[in-house]
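Asker: Build me a model from this:
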Amino acid sequence: MSWKGEYAFGAEEAARTAPADFLARVACRADELVRAAEAVHVHGRAHQDLDPKGGDVVVPGGMFTYQVVVRSERVHLVQITYLGF
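Answerer: Numbers count the residues shown, from 1 in each chain. Next comes the predicted model:
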């Protein structure tokens, strides 16, 4: 299995209504988070500790909240907020 980023919970629904340029910026930052998680957690499937704390990332036009799940090798985008600025 390899690391991936994916929408979780209500973020998928929010992504359907957000503008494409905003979603492209979110996807770019999420890809950076996936690469960073893969570099830090080389043996993700064998991880025995607690998952790291997620966080909020501000992008032009809004923000998103993410959570890293190491044993699943996933970065979940759990909330997307489009503010339109």
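Asker: and the residue nearest to the spatial centre of the chain, bridged to which residues?
Answerer: The chain has Leu77 as the residue nearest its centroid, 3.8 Å off, counting by Cα atoms, centre = their mean. Legend: beta-bridge partners of Leu77 under DSSP bridges are Tyr7, Tyr66.
Asker: which ones are touching it?
Answerer: The contact partners of Leu77, taken as Cβ atoms under 8 Å, 6 or more residues apart in numbering, are Gly5, Glu6, Tyr7, Ala8, Ala11, Val26, Ala30, Phe64, Thr65, Tyr66. Every C-beta, even on glycine, is put in place using the N, C-alpha and C of the backbone.
Asker: One more: Asp51?
Answerer: Gln67, Val68, Val69, Val70, Arg71.
Asker: want to throw those into JSON lines with neighbour count, distance to Glu38 and secondary structure?
Answerer: Listed next are those as JSON lines, based on neighbours: other Cβ atoms under 10 Å; distance: Cβ to Cβ, whole Å; DSSP: H, G, I helix; E, B strand; the rest coil:
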{"residue": "Gln67", "neighbour count": "17", "distance to Glu38": "16", "secondary structure": "strand"}
{"residue": "Val68", "neighbour count": "23", "distance to Glu38": "10", "secondary structure": "strand"}
{"residue": "Val69", "neighbour count": "16", "distance to Glu38": "13", "secondary structure": "strand"}
{"residue": "Val70", "neighbour count": "21", "distance to Glu38": "10", "secondary structure": "coil"}
{"residue": "Arg71", "neighbour count": "14", "distance to Glu38": "14", "secondary structure": "coil"}
